[in-house]
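Q: Output the structure for:
(2 chains)
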Amino acid sequence: MKKITSCLWLILLYNGNAYTQTSLAASIANGKKVYQKNCLTCHQANGGGVPKMNPPLIHASFVMGNKKKLIQWVLLGSTEKVPIDGKYYSNNMPAQATLKDKEIADVLTYIRNNFKNKASAITPEEVKSTRVVKK
Amino acid sequence: MKTKFLFAVLFLFLIAANNSFAKSASDSIQHKKLKPDDVGLKLPEGFHAVKFAEGLGEARHITVTKHGDVYVKLSSLKNGKGIYYLHDSNGDGKADVKTGFGNYTGTGIGIKDGYLYASSDTKVYRYKLDANGKVINPDKPELIITGLLNRHEHESKPFTFDNNGNIYVTIGAYSNSCQVKDRTKGSPAMKPCPVLDSAGGIWEFKTDKENQTYGDGVRYATGLRNEMGIAWNNDVNALYVTQHGRDQLHDLFPDLYTDEQSAELPAECLYRLNKGDDAGWPYIYYDQIQHKKILAPEYGGDGKKEGGENAIDPLVAFPGHLAPNGLLFYEGNMFPEKFKHGAFIAFHGSWNRAPEPQKGYFVAFVPFKDGKPSGDWEVFADDFAGGAQFMSPNEAKHRPCGLAQGPDGSLYVSDDQGGTIYKITYTRK
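A: Numbering: from 1, shown residues only, chains lettered A, B, ... in the order given. Below you'll find the predicted structure:
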């Protein structure tokens, strides 16, 4: 089995797909670090959030949904009380605009591929282009 | 010379007094021998719990009529209703009549002089009760207080009454530590903190006057971040509150506080409040390990510098982030003598201790004599969360929130995560 896996990796390396795979894995790994440093206190290690205060990220429609909206949420934070998947959360989310484009891309790629979410990666370029657009 | 000597004596006395206070405050969570109960709680020997009601959703504060019926305030509507009346008609210890009314969500509820009072996050209503303690006209309450601030953080409006026609309402600070941008690293603090003019304190209103708002009330005490537990102590005729202390010392000041320090600090405080008192938020917090009021890092503190010369001290300083959501002074005769006059506190349980394990999710007891703690606090009812150590609050099965005393001296505990109302009785005589 090990051999087959190594073979597969070699094949992947050669057809270029491997680059995407490893870069996705690297992005997720780095995103996890960014999460632990900047997000974990409120959204918790298991992504479960805090009932009534901080929204959960587990199988969350807004996490897997529109990339621009998600990026903007992180850049601007939120002081509005808006329902998320039908529930209200009262805490303010601080703007995270001081994070670098790559850090935001990685952390969003991490949450979109963790906590029972499955969605495409977000690139630093996408964060950059969202950053320049005013709300 | 004489003065110097007197000062020295006073100084020594203060140190001694400070140390004796320090002892009780410094104790971390104390678990006496508690025994598992068949509803999943752990209680002291001789105590027994039943689930008086289940399936109520976000059951916040509760009150019990002199006939033993319960009113509970919900913070999300159940079948379109925000208050439930619970009645046990066959005496088996469980409510079999559940009637909803009121189309608004909220936290506060209480009975005084023939009226049921209930709060949304901006208003307080009251309903006239009949001789059996039942609401006469559930669709037409009187609006007693209106226009209270709700900026979505610490928005609950818990309240209590004195015996002189006044109601005391918590208006929580809509902020963690009064930064320009809430909870944002690097954002400066505002000085003076503008939150305090209309929140971050306790406001006093009349119980019987309609449509009161800020101008009609008095800011009874200030510098209080979010006082979820609020109760009048009839032994000494004074107001007591329990505070949710500030969050995120490490997140906001990683150079000054470790994750571990940030999980323990600051203390969750039990205060006795006199009119005009200032507890010091946001400028200071209480450090239960150093037993000092410490200057908040947003205001130039470094974790050691003291501050708050004019701020009051807490009576009890509990470990950080346990979230004291309910306070009750026990006046019943059912429980053993040591419980009489003492304070029960419902700890909702922490979230801001992450990445450290969460704590709280229990009901604590503080013995009192003459309005002051007379011994160390202890855990009275434990395991609401469902047993083993856990990391995230959404894993908790139940979270204690409100407390009330039944006419027979039993203790009711509400839970806003599992929607259960527990009734705790003492069975060994």
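
Q: Just confirm A:Ser23 is within a strand.
A: No: going by DSSP: H, G, I helix; E, B strand; the rest coil, the assignment for A:Ser23 is helix, not a strand.

Q: wait, what's in contact with it?
A: By CB atoms under 8 Å, 6 or more residues apart in numbering or on different chains, A:Ser23 lies in contact with nothing. C-beta here means a position set from N, CA and C on the backbone, and glycine is covered the same way.

Q: Look up how far chain B lies from it.
A: 27 Å (CB to the nearest CB, to the nearest Å).

Q: Which secondary structure state does the residue in the stretch 101-250 of chain B that chain A sits nearest to sit in?
A: In the stretch 101-250 of chain B, the residue found nearest to chain A is B:Thr184; the distance is 3.8 Å by CB to the nearest CB. When classified by three-state DSSP, B:Thr184 comes out as coil.

Q: near chain B, which residues of chain A show up?
A: A:36, A:38, A:40-42, A:44-46, A:48-54, A:56, A:77, A:79-81, A:90-95, A:98 (CB under 8 Å from any CB of the partner chain).

Q: follow-up on the earlier one: local confidence estimate at the residue of the stretch 101-250 of chain B closest to chain A?
A: pLDDT recorded at B:Thr184 is 93.

Q: Then A:Tyr88?
A: Predicted confidence (pLDDT) for A:Tyr88: 85.

Q: Equivalent analysis for A:Lys52, please.
A: 89.

Q: and if you look at B:Gly91?
A: Predicted confidence (pLDDT) for B:Gly91: 87.

Q: Just give me the neighbour total for it.
A: Neighbourhood size, B:Gly91 [other CB atoms under 10 Å in any protein chain shown]: 8.

Q: for A:Thr22, same thing?
A: Counted with other CB under 10 Å, A:Thr22 comes out at 13.

Q: again with B:Gly217
A: With other CB under 10 Å as criterion, B:Gly217 counts 21.

Q: Contacts only, for it.
A: Taking CB under 8 Å, 6+ apart, one finds B:145, B:169, B:203-205 in contact with B:Gly217.

Q: So for chain A, the centremost residue is which one?
A: A:Leu108 (1.5 Å; CA atoms, centre = their mean).

Q: for the helix or strand encompassing that residue, packing partners?
A: Per DSSP states H and E: A:Leu108 is located in helix A:101-112. With contacts taken as 3 or more CB pairs under 8 Å, 6 or more residues apart in numbering or on different chains; DSSP states H and E, helix A:101-112 sits against helix A:17-38, helix A:61-64, helix A:67-76, helix A:124-132.

Q: Next, the angle helix A:124-132 makes with that helix.
A: Angle, helix A:101-112 to helix A:124-132, by axes from the mean of the first three to the mean of the last three CA atoms, to 10 degrees: 110 degrees.

Q: Helix A:101-112: how far from the chain's middle?
A: 4 Å (CA atoms, centre = their mean, to the nearest Å).

Q: Report the contact partners of residue 111.
A: Looking at chain A here, since you left the chain open. A:31, A:35, A:47, A:57, A:63, A:117.

Q: looking at chain B here, not the other one
A: Counted by CB under 8 Å, 6+ apart, B:Ile111 has contacts B:63, B:65, B:71, B:117, B:129, B:133.

Q: ok, these vs B:Gly229, which is closest?
A: Nearest to B:Gly229 among the contacts of B:Ile111, counting by CB to CB, is B:Thr63 at 14.3 Å.

Q: tell me the SS of the closest one?
A: Per three-state DSSP, B:Thr63 ends up strand.

Q: how many neighbours does B:Lys423 have?
A: That count, for B:Lys423 with other CB under 10 Å as the rule, works out to 25.

Q: surely it meets B:Ser414?
A: No: with contact defined as CB atoms under 8 Å, B:Lys423 and B:Ser414 do not form a contacting pair (10.7 Å).

Q: burial count for B:Pro314?
A: Applying other CB under 10 Å, I find that B:Pro314 has 21 neighbouring residues.

Q: Test for you: state the pLDDT assigned to it.
A: pLDDT, read off for B:Pro314, is 98.

Q: Is it in contact with B:Tyr271, as I believe?
A: Yes: counting by CB under 8 Å, B:Tyr271 is a contact partner of B:Pro314 at 5.5 Å.

Q: How about the contacts made by the residue nearest to the centre of chain A?
A: A:31, A:67, A:70-71, A:74, A:122, A:127.

Q: how about the spatially most central residue of chain B, secondary structure?
A: The geometric centre of chain B, computed from its C-alpha atoms, lies nearest to B:Gly229 (CA atoms, centre = their mean), at 2.0 Å. What three-state DSSP gives for B:Gly229 is strand.

Q: Let me see the ranges of the helices in the stretch 201-350 of chain B.
A: All helices of the stretch 201-350 of chain B, identified by DSSP state H, counting those that start in this stretch, fall at B:249-252, B:259-264.

Q: in the chain, what spans have low per-residue confidence?
A: You didn't say which chain, so I picked chain A. Within chain A, the stretches with pLDDT under 70 are A:1-21, A:133-135.

Q: wrong chain, I was asking about chain B
A: For chain B, residues meeting the criterion pLDDT under 70 lie at B:1-32, B:388, B:429.

Q: need the residues of it near chain A, please.
A: B:58, B:75, B:151-155, B:181-187, B:247-248, B:250-251, B:351-352, B:354-355, B:391-395, B:399, B:416-417.

Q: go with 6 Å
A: B:152-153, B:155, B:182-184, B:251, B:351, B:354-355, B:391-394 (CB under 6 Å from any CB of the partner chain).

Q: Thank you, goodbye.
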